[in-house]
Each structure stands twice: as structure tokens, then as C-alpha cells.
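>>> Whatever this is, show me its structure:
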Amino acid sequence: MAAPRRLLRVLPADYRERLMSLAEEVSFAQGERIFEEKGRADRFWIIRSGTVTLDLRLGGPRPTAVSSLDTGDLLGWSWLFPPYEWDFGAEALSPVRAYEFQGPEVQALCDEDPEFGYVLLRVIAEILAHRVRAARTRLLDLFAPHAGGT
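Now for the predicted structure:
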């Protein structure tokens, strides 16, 4: 499987500069909740350093980790689509530094320059497609041996 695409690496330089003009540097302490499942999604991050776990609440006392993101990864895409709610929760597994982007500002930039918007959303879609394929592979690894049980 191909390596996940990193947003800042694949955006053309002029588009990367435009996006980065909206960035704010933020940090999260180890164990800090970045966002909660079903919370209002109005921003996203690109991880500069550290690791973030994505999790779901499945009824236990703590959320269940389902994936992790590292340096260069895009964190958050729910700001793109109604109902603008996080599909997962996120927690800093280690100290994290990130670039934070406000969704409405990025959406306005996309509306002002549809070519920029198309390129940005296409790269985000490719990142998400890779993650879906990776999740499918993990699920098959977990459950496929049991699918044909006697």
C-alpha cells in the first residue's frame, strides 16, 4: 500500500503558502483531549511533531483507540461537511505541536479561488481514501480469520 500523502508536501508551493498564511502554531500536552466525538468541528491541524490517537466511545470507561497520526499527518476533516461534527475523538499520545487552521477561513479561501479549493480538497480526499483502505486492511486482519469459522 502506498504511503499516506502529506498535505503540505503535495500541495504546490504557491497553494501551500496561501494555506500556511492561515496557520496558527499550537501545542497539546500528553494526554490532552484535542476534540471529542460528536463535538463541533470547525478546524483542522497538521501535526508538526508528536502522535495523536483517534478514538471512539464504545461503552467502556475510556474511548477505544482506532488509529494514530504522526508528524506531517492531517488531523480532522469533519469541518468540511455538514453536520460539522467530529466522527472520532482525538487525544495527544505524546506532546504535540501542530499548525491549526480555522475551517471557515479555509472554506472562504476555497470559495475565493476555486482552483485552490479543488486542489486542496482533492489532496484531502486522497489522504482520506488511503486511511479508509488502511482501516479496511486492519479490520480484515482482525476478523477475516474468523469469517469462515465452522
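
>>> And the residue most central in space within the chain, how far from residue 129?
The chain has residue 75 as the residue nearest its centroid, 2.6 Å off, counting by CA atoms, centre = their mean. Using CB to CB, to the nearest Å, residue 75 is found at 17 Å from residue 129. (Each C-beta comes from the backbone N, C-alpha and C, glycine too.)

>>> now for the strand or helix carrying residue 129, which elements pack on it?
Element membership for residue 129, per DSSP states H and E: helix 114-147. With contacts defined as 3 or more CB pairs under 8 Å, 6 or more residues apart in numbering; DSSP states H and E, helix 114-147 has these neighbours: helix 7-10, helix 13-20, strand 64-69, helix 103-112.

>>> Could you tell me the angle between that helix and strand 64-69?
130 degrees (axes from the mean of the first three to the mean of the last three CA atoms, to 10 degrees).

>>> Of the helices and strands packed on helix 114-147, give the one that comes closest to residue 34.
strand 64-69 (10.4 Å; CB to CB).

>>> May I see the buried residues of the closest one?
Neighbour-count burial for strand 64-69 flags 67, 69 (criterion: 16 or more other CB atoms under 10 Å).

>>> Adjust the sequence numbering to begin at 45 for everything that follows.
With 45 as the first residue, the last one maps to strand 108-113.

>>> Parallel or antiparallel, list what pairs with it.
strand 96-100 (antiparallel) (DSSP bridges).

>>> show me the contacts for the residue lying closest to residue 53 once chain neighbours are set aside.
Excluding the flanking residues, the one nearest residue 53 by CB to CB, 6 or more residues apart in numbering is residue 116, at 7.0 Å. By CB atoms under 8 Å, 6 or more residues apart in numbering, residue 116 lies in contact with 50-53, 90-91.

>>> how about those residues in JSON lines, adding neighbour count and pLDDT?
Output for these, formatted as JSON lines (neighbours: other CB atoms under 10 Å; pLDDT from 0 to 100):
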{"residue": "50", "neighbour count": "16", "pLDDT": "86"}
{"residue": "51", "neighbour count": "20", "pLDDT": "89"}
{"residue": "52", "neighbour count": "15", "pLDDT": "91"}
{"residue": "53", "neighbour count": "9", "pLDDT": "90"}
{"residue": "90", "neighbour count": "21", "pLDDT": "97"}
{"residue": "91", "neighbour count": "21", "pLDDT": "97"}
